[in-house]
Each structure stands twice: as structure tokens, then as C-alpha cells.
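Chemist: sequence first, then the predicted structure, then my questions.
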Amino acid sequence: MDDAGASLPAQMSAMGRSGKAAAVALRLADAATRTRAIAAMAAAIRAHAADILAANARDVAGAEAAGMAEAMIDRLRLDAARIEAMAEGVETVAAIRDPLGAELDRWDRPNGLDIARVRTPIGVIAIIYESRPNVTADAAALCVRSGNAAILRGGSECLASNLAIQAAVAEGLAAAGLPEACVQAVKTTDRAAVGLILGGLDGTVDLIIPRGGKSLVARVQAEARAPVLGHLEGINHVFLHASADLEKAIAIAVNAKMRRVSVCGAAETLLVDSADAQRLLPPVADALREAGCALRGDARARSLVPGMAEATDEDWSTEYLAPIISVAIVDGVDGAAAHIAAHGSAHTDAIVAEDGAAAERFAALVDSAIVLINASTQFADGAEFGFGAEIGIATDRLHARGPVGAEQLTTYKYVVRGTGQTRP
């Protein structure tokens, strides 16, 4: 993108070519160099905190003027604490084990061939995301850690924030002697840039990762000419089994819904076992209401909790991202699993149960990327998994699933060593 006067297609093609060259440099760099780069990126984010905050203030003002929903503005807004958390997250990625070059398996063949399966970068990864400027830092750190060049296209609502963060990232890369093109950010709000990325930028893009709402993911999956690592909405459930400890049930349900309602790991539906709903639902509903959550229930739930609003068919498949939760009474583990299969997004689902067999049956039946036993759905986060950060929660079933950290941004190749063998 050196030629500011070039057409958008020419600018984007240049980004792709620069990314491809940078990917080679990253693949050849040793782990220590990548570590230095990531640490320098964190230091630069701290050093430029004032610039990032000023840019973010402009984005937030624009979002408020445009009438953006408060949940989305919360995702967009930065403050000193969030910038420090961003820098700490980058430092955590610098500290995790470098995945490249790791031998996943190795064996000898009767003919003397020595075959190794070795972890290697994917290449150039294009990440298209909305609202969250911290994704810029997370994606940069994870891609450098995994040896991939990144092309980042954030939402127009956070352009100033993203460019300020990317400038700090570029400073860190240069300090370690790596090309600044290892992490590039699209500098235009023109939606045509997204279409060009989906077209693969003349074959230079090896993987596309969408992180945003249903419409963004649907467009990427429909139009992409390169492989896509999907991140769907989080229609997540907490199921209270008849054996659930009431104190745990209250704590987990309230935390899963209300800790942060705008994150994709927030619970959107509460399922309660009919075998002991009378004991469990009223106190849990009271606790949710006290925390400021509105409840929408089916007929059986409303019969136990006076004043609960009626849930519609649409509620069961809605990602509220707001202090609202739908409530259904189900018949045991199988009933909960059936409801989740019908309405969930294969993201994150949890059971609260003291009955170990019931918990394990739930884990076996529920085919989601993350299944939790006696823990809040808000743990659906790469940092909480020890990955340092994440680019998203993959809900696909191929390549990677769940939190996408550095290791999940790699593939593998076979290195076959011989001593002159030829095949008869």
C-alpha cells in the first residue's frame, strides 16, 4: 500500500504480496526473534497508550452519534485498564511455547525412510472483525507467534483505534528486525476491501477468519475463495441438572449471564431439569433478577416464577448480548441436549451437576466446541485456556475448534529423510 494514489484493488493486491513476502521472513525467523518482536509490540502498546486512547475516543464518539447499541459500544470502548490488559495479553503470548518446528510424530519405515510430521505456519491469514479493537493486538501477537503474516480488516466503527494499535505493533516488529508487513491493517472503510480479501488477493491469502455477527460470518462463508475458519454467534446454555448444588447453580448462572453480557461466551439460555425445577429455578431466577437480568420463559418455567415474560420461538435462537436470558424446563440430560442441538450454535454449553454420570453424559451428548462441567460459560476464552489470547472461538469441526490460539493457527508438513532410497 505504498502508492496512496493507486486504486483500491491495486492497494489490496500490494498488501497481499507484501504479506506473502513477510510470511516467508516469519517462517525463517527463529523462535527467539518472534518472542522479541511480540514483547516489543507489548512495550510499544504501553508507550503509545495516549495515542490509542485518543483514537478510541474518536471512534466511540462516532459510534454514539450513529446510535450504535450500548453492547457494541462496550466492545469498542478502551480505557487505561483495557489497554494494560491488552499489553499483558500480548506479553502472555510472548511467553507461551513456540509451536513451530515441533514434531507431532516421527517413525521409521521398513525401507529405512525416517518420516516426521512437523508443525508449520499456514502463511497469510486475513482476519475480518467488528467492534473489538483488542482483536488487533491479539491477532498480531498470535500470528507472529505462529509464524503467519496477518492482514487485518476491522470494522469501520473502530478504524482509528485499530490503526493506532497497528502502528504500535509495527514499531515492535521493526525493533526485532522483522518486516512491518508481518501485520498489516486495511486503512479504508470502503466495504469493497472486504470483497477483495474474500477473493483471496490474487491467491496470496491462505486462510480467512471472520470474527463478528451472523451476517458477517455468513457473507464470508458464502463468498470466500480461500479456506475459512468459522466463528459463529454464541447461543450458549447453562443446564441445571436435578443433582445441582443450589449455591453453585446460582453462582454459575449469574456469572455466565451477567459477568459481561456482550461477550460471545455469555449464556443466553437457562435450562432447568424438570425433576427438581421447583427447588432450583425460583432462587436462581431471583438471583438473576437481582443482578439486573430480564427473564423470558416457557410455560413450565413461568408457572414456577410469577411475572416471568413469555418466551417466543425466536428467543431460543437469539444471541441477546444484553441482560436478558431465556428459560426452559427440560426433561433430564437428554432433554437438555435435544434443546441445545435444536437451538444452539455449537459454541459453549455448561452443566451444573453433582451426579458425575449425568455430567459425563451431557459432555458426550452435547456436540459443542466447549462443554463445561460445574463452571461458567464465561471461561470460553483463549486466555483462560492458557493460550495467552485468541482470535475467536471456532465452531467448525475441521482444523481447529474452540479457542483459536497460536497452535491452532498452524498446520503441519511431513519431512521425510532418506539415504538414497528409490521406489521399486
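Modeler: Thanks, I have the structure now.
Chemist: and stretch 124-132, which residues are buried?
Modeler: Of the residues in stretch 124-132, 124-132 count as buried by neighbour count, 16 or more other CB atoms under 10 Å. (C-beta placed from N, C-alpha, C; glycine too.)
Chemist: hmm, who's touching it?
Modeler: Applying CB atoms under 8 Å, 6 or more residues apart in numbering, the contact partners of stretch 124-132 are 16, 19-20, 23, 72, 75-76, 135, 139, 143, 148-155, 157-158, 194, 197, 201, 204-213, 216, 220, 226, 391, 409.
Chemist: what do you get for stretch 341-351?
Modeler: Identification of contacts with stretch 341-351 by CB under 8 Å, 6+ apart yields 232-239, 241, 252, 256, 264-265, 267, 269, 316-317, 319, 333, 336, 340, 358-359, 362-363, 366-377, 380, 393, 395.
Chemist: where does pLDDT dip in the chain?
Modeler: 1-5 (pLDDT under 70).
Chemist: okay, domains of it per the record?
Modeler: Per automatic domain parsing, the domain ranges recorded for the chain read 8-231, 236-379.
Chemist: ends of the first one, what's the gap?
Modeler: Terminal residues of domain 8-231 are spaced 27 Å apart (CA to CA, to the nearest Å).
Chemist: what's the burial count for residue 278?
Modeler: When neighbours are counted by other CB atoms under 10 Å, residue 278 registers 11.
Chemist: following element in sequence after the strand or helix carrying it, please.
Modeler: Following DSSP states H and E, the helix or strand that holds residue 278 is helix 277-290. Going down the chain from helix 277-290, the next helix or strand is strand 294-297, by DSSP H and E.
Chemist: now do stretch 388-397: distance to the chain's middle.
Modeler: Here stretch 388-397 is found 4 Å from its chain centre; the criterion is CA atoms, centre = their mean, to the nearest Å.
Chemist: next, the buried residues of that stretch.
Modeler: Buried-residue list, stretch 388-397, by 16+ other CB under 10 Å: 388-395.
Chemist: restricted to strands, list those residues.
Modeler: Among the buried residues of stretch 388-397, the members falling in strands (DSSP state E) are 393-394.
Chemist: contacts for the helix or strand where residue 254 lies next, please.
Modeler: Using DSSP H and E, residue 254 falls within helix 246-258. For helix 246-258, the external contacting residues (CB under 8 Å, 6+ apart) are 236, 238, 240, 266-268, 270, 279-280, 283-284, 287-288, 291-293, 323, 325, 350, 352, 374-378.
Chemist: what about the contacts of stretch 341-351, which are in strands?
Modeler: Secondary structure assignment by DSSP E places 236-239, 267, 269, 370-373, 393 of the contacts of stretch 341-351 in strands.
Chemist: which one of these is nearest residue 35?
Modeler: Distance to residue 35, by CB to CB, is smallest for residue 393 among the ones in strands among the contacts of stretch 341-351, at 25.8 Å.
Chemist: distance to residue 246 added to the buried residues of stretch 388-397, as TSV?
Modeler: Output for the buried residues of stretch 388-397, formatted as TSV (distance: CB to CB, whole Å):
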residue	distance to residue 246
388	36
389	35
390	33
391	37
392	34
393	29
394	34
395	32
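Chemist: then the host helix or strand of residue 119 to PDB, C-alphas only?
Modeler: For residue 119, the host element (DSSP H and E) is strand 114-121. Provided in PDB are the C-alpha atoms of strand 114-121 (Å, rounded to 0.1, in the frame of the first residue of the first chain):
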ATOM      1  CA  ASP A 114      12.600 -41.500   8.500                       C
ATOM      2  CA  ILE A 115       9.200 -39.700   8.500                       C
ATOM      3  CA  ALA A 116       8.400 -36.700  10.700                       C
ATOM      4  CA  ARG A 117       5.200 -34.700  11.000                       C
ATOM      5  CA  VAL A 118       6.200 -31.200  11.900                       C
ATOM      6  CA  ARG A 119       4.200 -28.100  12.800                       C
ATOM      7  CA  THR A 120       4.500 -25.200  10.300                       C
ATOM      8  CA  PRO A 121       2.700 -21.900   9.700                       C
END
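Chemist: quick one: the following helix or strand past that strand to chain centroid distance?
Modeler: Next along the chain after strand 114-121, taking DSSP H and E as the criterion, comes strand 124-129. Put simply, strand 124-129 sits 12 Å off its chain's centre (CA atoms, centre = their mean).
Chemist: helices and strands around the helix or strand that strand 124-129 is followed by, which ones?
Modeler: Next helix or strand after strand 124-129 toward the C-terminus (DSSP H and E): helix 134-145. Where contact means 3 or more CB pairs under 8 Å, 6 or more residues apart in numbering; DSSP states H and E, helix 134-145 is packed against helix 31-47, helix 80-95, strand 124-129, strand 149-153, helix 159-175, strand 183-185.
Chemist: so can I have JSON lines of those showing distance to residue 384?
Modeler: What follows is the helices and strands packed on helix 134-145, written out as JSON lines (distance: least, CB to CB, whole Å):
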{"stretch": "helix 31-47", "distance to residue 384": "19"}
{"stretch": "helix 80-95", "distance to residue 384": "11"}
{"stretch": "strand 124-129", "distance to residue 384": "20"}
{"stretch": "strand 149-153", "distance to residue 384": "23"}
{"stretch": "helix 159-175", "distance to residue 384": "22"}
{"stretch": "strand 183-185", "distance to residue 384": "24"}
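Chemist: so which of those gets nearest residue 57?
Modeler: Of all the helices and strands packed on helix 134-145, helix 159-175 comes closest under CB to CB, at 8.8 Å.
Chemist: contacts for the closest one?
Modeler: 36-45, 47-48, 51-52, 54-56, 58-59, 76, 78, 86, 133, 136-137, 140, 144, 152, 154, 179-180, 182-185, 187, 189.
Chemist: please redo it, this time with the cut-off set to 7 Å
Modeler: For helix 159-175, contacts defined as CB atoms under 7 Å, 6 or more residues apart in numbering pick out 37, 40-41, 43-45, 48, 51-52, 55-56, 58-59, 78, 133, 136-137, 140, 152, 154, 179-180, 182-183, 185, 187, 189.
Chemist: tilt between that helix and helix 80-95?
Modeler: Counting by axes from the mean of the first three to the mean of the last three CA atoms, to 10 degrees, helix 159-175 lies at 40 degrees to helix 80-95.
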